[in-house]
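**Q** sequence-free structure coming up:
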């Protein structure tokens with residue numbers, strides 16, 4: 001069964017590593033017939049937006065999800081980032097454990113979803129410090 005995706009005007013998404021943009025002033029329906037990584041615009045983090053340790057973790061997991069060819073590099077970067085985050089904020093270990101479990105089981109989309117909670121928690125911690 002195909003996955004039906006409706007793109008809003010000018011909405012972007014990533015399908016299997018390709019960036020797709022709806023250039024119409026109206027909506028656009030896409031049917032995806034096979035299993036490929038898909039990220040809607042609201043879930044895409046650009047590299048320049050990865051401006052905090054947890055956002056960098058989100059970005060690297062996003063790369064794991066859409067670019068399987070470079071997984072060893074991304075995994076190495078992920079574990080280095082995680083080590084640094086846990087050293088700086090041990091209270092994040094429970095969230096990191098959930099994300100890491102998804103990573104170890106190659107469930108990158110689920111890891112991305114779990115990382116949103118980590119980014120939110122990071123913002124909460126930062127706001128308490130300021």
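**A** Arrived safely. Because the structure is a prediction, the values reported are computed rather than measured.

**Q** where does the protein dip in pLDDT?
**A** For the chain, the stretches with pLDDT under 70 are 130.

**Q** Strands of that one, start to end?
**A** 3-7, 12-15, 18-21, 28-32, 38-40 (DSSP state E).

**Q** roughly how far out does the longest helix belonging to the chain sit from the chain middle?
**A** Using DSSP state H to define each element, the chain has its longest helix at helix 108-129. Helix 108-129 has its C-alpha centroid displaced from the chain centroid by 11 Å (Cα atoms, centre = their mean, to the nearest Å).

**Q** buried set for that helix?
**A** 108, 109, 110, 111, 112, 114, 115, 118, 119, 121, 122 (16 or more other Cβ atoms under 10 Å). All C-beta atoms are positioned from the backbone trio N, CA, C, and that covers glycine.

**Q** Tell me who's in contact with the closest residue to the second one other than its chain neighbours.
**A** Excluding its sequence neighbours, the residue lying closest to residue 109 (Cβ to Cβ, 6 or more residues apart in numbering) is residue 65, at 5.9 Å. Residue 65 makes contact with 37, 39, 108, 109, 111, 112 under the criterion Cβ atoms under 8 Å, 6 or more residues apart in numbering.

**Q** what about residue 65, distance to residue 127?
**A** Applying Cβ to Cβ, to the nearest Å, one obtains 28 Å for the distance of residue 65 from residue 127.

**Q** can the contacts of residue 65 go into JSON lines with extra columns for distance to residue 25?
**A** Shown next, in JSON lines, are the contacts of residue 65 (distance: Cβ to Cβ, whole Å):
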{"residue": "37", "distance to residue 25": "28"}
{"residue": "39", "distance to residue 25": "23"}
{"residue": "108", "distance to residue 25": "33"}
{"residue": "109", "distance to residue 25": "30"}
{"residue": "111", "distance to residue 25": "35"}
{"residue": "112", "distance to residue 25": "30"}
